[in-house]
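Student: Predicted coordinates and the sequence they were generated for:
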Amino acid sequence: MTATFIQGDAASCSRIGGTMRRQSARLRQHAQSLDDALAEVMAGEGPDADVALTAVTAITGSLVALRATADDLDQAGAAVQRYATDLAEAHELGRRAQLRVTAAGLLLDGTRVVEPWGPASANEAEVRRAQVSEVQARVDQATAHVGRARARLGREVTRLTERLAGHSRVKHSAGASVLR
């Protein structure tokens, strides 16, 4: 039995986060290769030394942005993986809540615990009615858990989006000044 009131695929989120982190590591490797190449260019002397210095200065700005982007991508991947863990926990809480709903002879209408329609003895109806608030608390716990996780992820995504946009603005303004 699955808890359908908790939406999301924790395994897919985890895979996406892992992919983001692997790509971050690849960007760091490219940054190191670029660093090594720059060291070779800077070691050179001769009539083209001034041109090389101008190129090194421009490339160094890109290298800083590349490293910052790799760091932010790694943080984003970590945030998605944390969300995947929280989502898996919410699914388990939801599964347990769904079992409680069923065991109490109640139903879920979205995330609201309700008594089923139809005939029931007075005793049976009273027992169900008495369990609604306790079972509803379990459902609320699962939905609150995933809600907090989504809010944390949303804040982190907003923060990292602003940082990545800032890297882009800095890179574009640096590129424009080099072309002038």
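Tutor: Arrived safely.
Student: in the chain, what spans have low per-residue confidence?
Tutor: Along the chain, segments meeting pLDDT under 70 span 1-3, 44-47, 49, 171, 174-180.
Student: Give me the nearest residue to the residue nearest the centre of the chain, chain neighbours excluded.
Tutor: For the chain, the residue lying nearest the average C-alpha position, counting by Cα atoms, centre = their mean, turns out to be residue 80 (2.5 Å). The spatially closest residue to residue 80, leaving aside those adjacent along the chain, is residue 17, at 3.4 Å (Cβ to Cβ, 6 or more residues apart in numbering). For the C-beta atoms, the positions are set from N, CA and C on the backbone; glycine is no exception.
Student: That neighbour: neighbour count?
Tutor: Taking other Cβ atoms under 10 Å as the neighbour definition, residue 17 ends up with a count of 21.
Student: residues contacting it?
Tutor: The neighbourhood of residue 17, defined by Cβ atoms under 8 Å, 6 or more residues apart in numbering, consists of 76-84.
Student: What helix or strand is it located in?
Tutor: Of the helices and strands defined by DSSP states H and E, residue 17 is found in helix 10-43.
Student: picking up where we left off before, state the distance from the residue nearest to the centre of the chain to residue 61.
Tutor: Residue 80 is 29 Å from residue 61, where distance means Cβ to Cβ, to the nearest Å.
Student: Residue 135 is in contact with residue 100, correct?
Tutor: Yes: here residue 100 lies in contact with residue 135, judged by Cβ atoms under 8 Å, at a distance of 5.1 Å.
Student: Which phi and psi values does residue 117 adopt?
Tutor: Note on residue 117: backbone dihedrals following degrees, to the nearest 10 are phi -80, psi 150.
Student: Summarise which helices and strands the following helix or strand past the helix holding residue 17 is packed against.
Tutor: Per DSSP H and E, helix 10-43 leads on to helix 49-103 as the next helix or strand towards the C-terminus. Helix 49-103 makes packing contacts with helix 10-43, strand 107-109, helix 122-179 when contacts are defined by 3 or more Cβ pairs under 8 Å, 6 or more residues apart in numbering; DSSP states H and E.
Student: Just give me the closest of the contacts of residue 17 to residue 111.
Tutor: Minimum distance to residue 111 across the contacts of residue 17 is 19.6 Å, recorded for residue 83 (Cβ to Cβ).
Student: Tell me, how many residues neighbour that closest one?
Tutor: Neighbour count for residue 83, taken as other Cβ under 10 Å: 24.
Student: same check, this time on the one 10 residues further on
Tutor: Other residues near residue 93 come to 20 when the count uses other Cβ under 10 Å.
Student: Return the distance of it relative to residue 82.
Tutor: When distance is defined by Cβ to Cβ, residue 93 is 17 Å away from residue 82.
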